[in-house]
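Enquirer: Here's my sequence, what's the structure:
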Amino acid sequence: MPAQSERQQTANVLLQAYLASIVAESRAHADPPTSSSSGSSDSDDSSSSSEDELLAASGMMLRALGSLYSRRYLAERQPINKSGKNLLLLLTDWKFSRPEIFCAHVRMTPECFDLLLAALQTDPVFHNNSNLPQMPVDMQLAIALYRFGHYGNAISTTMVGLWAGIGFGTVRLITNRVLTALCRQEFRRAAIYWPTGVEREEAKQWVEENSCPAWRDGWVMVDGTLIPLYARPGYFGNTWYDHKSNYSLNLQVMSTPDLQIIDYSVGLPGSQHDSTAFAETRVSQEHDVLLAEDEWIFADSAYPLHAWCQAPYKKYVIVLNQMNL
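Expert: Predicted coordinates:
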């Protein structure tokens, strides 16, 4: 189960106590005490006092719940001195004068960063009608890429917020916005396209020159990799446990020989086999449209063997077995 905040835990305890007091009050009204006429006065007094105590208990719990929900935080918040100098240095100085430092922070070159920024900055997630505008998109993208490129405690909202000079909750909001923009179909269609006829022929020539003429039509390469997760996911955690004893995502990538990514699939748990994850890709589902009759995909032995998806080593072994060699 996902961890609950101290505020939510306190609210749950108060709510349970309030419900218990309501049940006790209902029982007290439904089953009044019976007694003889001589002791009726004393019984009425004790009954009234008991009901008053129950009403006081439920009222106290209700007031405590109201007080809890009227405040955003349980304890008084103390401001933390932060500075955005690191982020400004990254985007205004290191990006131009020290690209190696820029690349170490965001894990891409300044040119690639600018191309990605141009593709994302018009996304509606970065624009709103609030009186308080969002941070510039380049800052949001740099913060998100900084988190994506690091691991462990370095990507916590506390550490990233202190580095960028922003609130800890803002780090989470920025990450969600960038991921939302990256996952849109509009961005995928703009960033990834199927190679043209000229590009496909260039890829085939490279395969022919670096392997053999019989393999030139296998100009697409596919393979899977695992993206480790920082911790066990809160929901269905065991399904993300892979064969390398990590919690991870399964990523399928298809590329041309010059490492141009033309299709991908990500999101399935790391416990899924590559052949299962490969079935989620566009190439697998639309191979009859995307590939010519004589074209096929290079794969390893983990993938299914088809006329359009071949593992040369696997195919060679099958042929040898058929020949009893």
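Enquirer: for the nearest residue to Ala302 once chain neighbours are set aside, what are its contacts?
Expert: Nearest residue to Ala302 in three dimensions, chain neighbours excluded: Asp274, at 4.3 Å (CB to CB, 6 or more residues apart in numbering). Quick note: C-beta positions are derived from backbone N, CA and C, even for glycine. When contacts are counted by CB atoms under 8 Å, 6 or more residues apart in numbering, Asp274 touches Asp223, Gly224, Asn250, Gln252, Ala302, Tyr303.
Enquirer: so the second one makes contact with Thr281?
Expert: Going back to what we said before, that points to Gly224. No: the pair Gly224 / Thr281 is not scored as a contact, 10.3 Å apart, by CB atoms under 8 Å.
Enquirer: intersection of neighbour lists for these two?
Expert: Gln252.
Enquirer: More neighbours: the two, which one.
Expert: Between Gly224 and Thr281, counted using other CB atoms under 10 Å, Gly224 has the larger neighbour count: 22 against 18.
Enquirer: and Asp223, that's in a strand?
Expert: Yes: under DSSP: H, G, I helix; E, B strand; the rest coil, Asp223 falls within a strand.
Enquirer: My guess is it contacts Ala311. True?
Expert: No: using CB under 8 Å, Asp223 makes no contact with Ala311, being 10.9 Å away.
Enquirer: where do the contact lists of the two overlap?
Expert: Joint contacts of Asp223 and Ala311 (CB under 8 Å, 6+ apart) are Ala299, Asp300.
Enquirer: where along the stretch 101-250 of the chain do the helices fall?
Expert: 110-120, 137-148, 157-164, 168-182, 185-191, 197-210 (DSSP state H, counting those that start in this stretch).
Enquirer: Please name whichever of those is nearest to Thr239.
Expert: Minimum separation from Thr239 across the helices of the stretch 101-250 of the chain (CB to CB) falls at helix 168-182, 20.7 Å.
Enquirer: residues of the closest one that come out buried?
Expert: In terms of neighbour count (16 or more other CB atoms under 10 Å), helix 168-182 has its buried residues at Thr170, Val171, Ile174, Thr175, Arg177, Val178, Ala181, Leu182.
Enquirer: re the thing from before, just name the most buried of the helices of the stretch 101-250 of the chain.
Expert: Counting by mean count of other CB atoms under 10 Å, helix 137-148 has the highest mean neighbour count of the helices of the stretch 101-250 of the chain, with a mean of 21.
Enquirer: That one versus helix 157-164: what angle between them?
Expert: Orientation note: helix 137-148 sits at an angle of 130 degrees relative to helix 157-164 (axes from the mean of the first three to the mean of the last three CA atoms, to 10 degrees).
Enquirer: just how off-centre is helix 137-148 within its chain?
Expert: Remark: helix 137-148 is offset 15 Å from the chain centroid, using CA atoms, centre = their mean, to the nearest Å.
Enquirer: What's the mean pLDDT across stretch 255-272?
Expert: On average, the pLDDT along stretch 255-272 is 91.
Enquirer: List the contacts of that stretch.
Expert: Contacts for stretch 255-272 (CB under 8 Å, 6+ apart): 192-195, 199, 203, 206-207, 210, 219-221, 226-227, 236, 239-244, 246-254, 276-278, 280-283.
Enquirer: And the pLDDT at the most centrally placed residue in the chain?
Expert: For the chain, the residue sitting closest to the mean C-alpha position, by CA atoms, centre = their mean, is Leu179 at 7.5 Å. With respect to pLDDT, Leu179 has a value of 94.
Enquirer: For it, give me its contacts.
Expert: Leu179 makes contacts with Ala144, as judged by CB under 8 Å, 6+ apart.
Enquirer: ends of stretch 160-172, how far apart?
Expert: 10 Å (CA to CA, to the nearest Å).
Enquirer: what does that stretch contact?
Expert: For stretch 160-172, contacts defined as CB under 8 Å, 6+ apart pick out 80, 82-87, 135, 139, 143, 146-147, 154, 157-158, 174.
Enquirer: Relative to the whole chain's centre, how far out is it?
Expert: On CA atoms, centre = their mean, the centre of stretch 160-172 falls 18 Å from the chain's centre.
Enquirer: Stretch 270-277 now?
Expert: Per CA atoms, centre = their mean, the displacement of stretch 270-277 from the mean C-alpha position of its chain is 18 Å.
Enquirer: so what's Gly152 up against?
Expert: Counting by CB under 8 Å, 6+ apart, Gly152 has contacts Tyr230.
Enquirer: Return the per-residue confidence for it.
Expert: 82.
Enquirer: do the same with Val319
Expert: For Val319, the pLDDT comes out at 46.
Enquirer: if I look at Ile227, how far off is Leu249?
Expert: Distance, Ile227 to Leu249, by CB to CB, to the nearest Å: 4 Å.
Enquirer: what does Ile174 give?
Expert: For Ile174, the distance to Leu249 - CB to CB - is 21 Å.
Enquirer: What's the local residue count around Asn128?
Expert: For Asn128, the number of neighbouring residues by other CB under 10 Å comes to 10.
Enquirer: from what I can see it touches Gln134, true?
Expert: Yes: in this structure Asn128 lies within contact range of Gln134 using CB under 8 Å: 6.7 Å.
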